[in-house]
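**Student:** No sequence on hand, only this structure:
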C-alpha cells in the first residue's frame with residue numbers, strides 16, 4: 001500500500017522558514033519522481049515543485065523560485081521542501097505526491113499558515 005505522510009507544517013511569521021518532510025512507503029521511492037502541491041481556498045490546487053528520481057533535476061513554480069528548495073533522500077525514502085522567506089500567500093495545505101503533477105497518490109497534507 002502506498003503511503004505518503006507529510007509533516008513539518010505550522011504557524012510562522014512572514015519572512016520565516018519551515019521545512020516540510022514527506023515519508024514515503026509502499027512503492028519503489030528511488031525510481032519515482034516526486035512533487036509538492038498546495039491547496040488554498042482562493043487558488044485551489046497548485047503545483048509547487050518537482051524533483052526527478054535521482055534528485056539531480058528540480059523544477060519550481062515561478063512564485064516560489066529562489067525561496068523554496070525541494071530535495072530527497074532516497075536512502076531514507078524521504079522528500080523535503082525547505083521554504084524560506086515565507087509570505088501570507090504561501091498559506092496553504094501542502095501535499096507530497098508520487099510522480100509528476102498531479103501525482104497518482106497523495107499524502108494527507110500538512111497545514112502551513114504564514115501570519116503575524
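**Tutor:** Cool, the structure landed. Every value quoted in this text rests on a predicted model; they were computed, and no experiment measured them.
**Student:** looking at the sheet around the closest residue to residue 92 other than its chain neighbours, what are its partners?
**Tutor:** Of all residues not flanking residue 92 in the chain, residue 38 sits nearest, at 3.7 Å (C-beta to C-beta, 6 or more residues apart in numbering). Yep, even glycine has a C-beta here, placed from its N, CA and C like the rest. Beta bridges link residue 38 to residue 46, residue 94, judged by DSSP bridges.
**Student:** Could you give the number of residues near residue 38?
**Tutor:** The number of residues packed near residue 38 is 23, by other C-beta atoms under 10 Å.
**Student:** now residue 107
**Tutor:** 22.
**Student:** Quick check: residue 101 vs residue 115, distance?
**Tutor:** Separation of residue 101 from residue 115 (C-beta to C-beta, to the nearest Å): 27 Å.
**Student:** The two: who's more crowded?
**Tutor:** Regarding residue 101 and residue 115, a neighbour count based on other C-beta under 10 Å identifies residue 101 as having more, with 16 against 10.
**Student:** residues contacting the residue nearest the centre of the chain?
**Tutor:** In the chain, the residue lying closest to the centroid (C-alpha atoms, centre = their mean) is residue 36, at 3.2 Å. Contacts here follow C-beta atoms under 8 Å, 6 or more residues apart in numbering; on that basis residue 36 touches 20, 22, 48, 49, 50, 70, 79, 81, 94, 95, 96, 97.
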